[in-house]
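Participant: turn this into a structure:
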Amino acid sequence: MNLSAQDESFSITMDPVKHGSITLDPPVPEDGKYPAGTVVSVVATPADGYTVDSIYYSVPGRWGAMYHESLTSEFEITFDQDKHVGASFIEAEEVAHVSVKHNIVYAQPGKKPLKYDAYSPKAASDLPIIVIIHGGGWATNNEDVMRGLARELTKGGKFVVCSIDYRWVGKLDGDEEPNSIANLIEDVFGAIAHIMEHAKEYGGDPSRIGVTGDSAGGHLSASASILIEKIGTNGFGKSEGVYEFSPTYLPSGKSADDVRNEMLSSIKAAAPSYGVFAADRLKNFMKGLPDSAAEATAPQSHIPDVSVRSVPQYLTRGTNDGLITDKKVSAFAEALKAKGQVVVYDQVDGAGHAFFDWKPADREKATFKKYGVPYAAKMKAFFEKHLY
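Facilitator: Here you go, the predicted model:
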């Protein structure tokens, strides 16, 4: 017999919690199921010497568990499907150096508000800014997945870090009109414009910006550093052969031309990790547009000559990465060298894909500690060289 909507219920699975505890209100029913629509308030309490990393719930996703997190000590979770619930705690000293402003909304071109988190070292003033762009196949994750990298890059007090979110491709955000890769690039430029406008509030210097990101964020960070000349108002593919990016956000009183000119002088270096750089893997996200549209979103096709604009690049890839091949990253590196650009390409021995990601699961934390931490240090040294 089918249950009516009001009789439906969903299971909760409590993940083991280390270095702290969580309480749920209402408490978990004896049968381990909440009635559909139940809103559960979860409060996390860290053990001595620890602090809250996140409260989360997870559901099956494209690549295993998909985490939805609150980076604060309270989280309201609505039960509309079976969910795992848990919390992550980290040593307090890991974040003692930094203050974080969460969920700064910069635009809402569709259903999803677009936001970023600003990580400022204590007493930050006029520091260079590193913008992080998360990965997830242009189709999953948000800025939370890059918080480990943000915390590492702010250690030492030399950088403000802003970790941004953007629209997902297609209709995955619930938008009526599908989003293309071009729309995501426009979001990235809009986020950077907002960050530059508010840089002083975070202790940052809007004239010294570096960009980084992994996987899809590798592509988007390379695009943010290389495709700046293509910021404009003539549309992307609306006229034959015309492909311009209109930033999702423009500061009051400034035009797209103003933003383009400011970014051309402010974005000084990039560190795109295990990303897609050539057009061949972008064509599937340009349905309804000719192949030239994919070419227009491929950073490898638009590298400026160093005599025109210098944009040093720090590239990484794990030797066990099954998604991004050495051949593809090497081709980007060689294309950069052909234009006279500075490029450093580090292959990370033994690492797979997404080693810069941070998730509440022990496996991802261990991977980040093994590979992400040391290569974040190398990335930081690269940015220090080019932003100071």
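Participant: could you pull up the mean pLDDT of stretch 48-55?
Facilitator: For stretch 48-55, mean pLDDT rounds to 98.
Participant: quick check: buried residues in stretch 346-355?
Facilitator: Neighbour-count burial for stretch 346-355, with 16 or more other CB atoms under 10 Å as criterion, is recorded at Val348, Ala351, His353, Ala354, Phe355. C-betas here are computed from N, CA, C, even on glycine.
Participant: now, those residues that are in strands?
Facilitator: Among the buried residues of stretch 346-355, the residues falling in strands (DSSP state E) are Val348.
Participant: pLDDT added to the buried residues of stretch 346-355, as TSV?
Facilitator: Formatted as TSV, the buried residues of stretch 346-355 follow (pLDDT from 0 to 100):
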residue	pLDDT
Val348	98
Ala351	98
His353	97
Ala354	97
Phe355	98
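Participant: what is the most widely separated pair among the buried residues of stretch 346-355?
Facilitator: Of all pairs drawn from the buried residues of stretch 346-355, the greatest distance, 11.6 Å, lies between Val348 and Ala354 (CB to CB).
Participant: gap between the residue nearest to Ile324 when sequence neighbours are not counted and Met379?
Facilitator: Of all residues not flanking Ile324 in the chain, Tyr274 sits nearest, at 4.4 Å (CB to CB, 6 or more residues apart in numbering). The gap separating Tyr274 from Met379 is 13 Å, by CB to CB, to the nearest Å.
Participant: over to Asp321?
Facilitator: Taken as CB to CB, the span from Asp321 to Met379 is 17 Å.
Participant: list phi and psi for the residue sitting nearest the centre point of the chain.
Facilitator: The structure's the chain has its C-alpha centroid closest to His134; by CA atoms, centre = their mean the separation is 2.0 Å. Main-chain torsions, His134, degrees, to the nearest 10: phi -70, psi 160.
Participant: quick one: Leu227 and His302 touch, right?
Facilitator: Yes: using CB atoms under 8 Å, Leu227 makes contact with His302 at a distance of 5.8 Å.
Participant: out of those two, which sits in the more crowded spot?
Facilitator: In this view Leu227 and His302 are compared by other CB atoms under 10 Å, and Leu227 has more residues nearby, 25 against 18.
Participant: double-check that Asp321 belongs to a strand.
Facilitator: No: counting by DSSP: H, G, I helix; E, B strand; the rest coil, Asp321 is not part of a strand but coil.
Participant: identify the residues contacting it.
Facilitator: Residues near Asp321 by CB atoms under 8 Å, 6 or more residues apart in numbering: Tyr274, Ala351, Gly352, His353.
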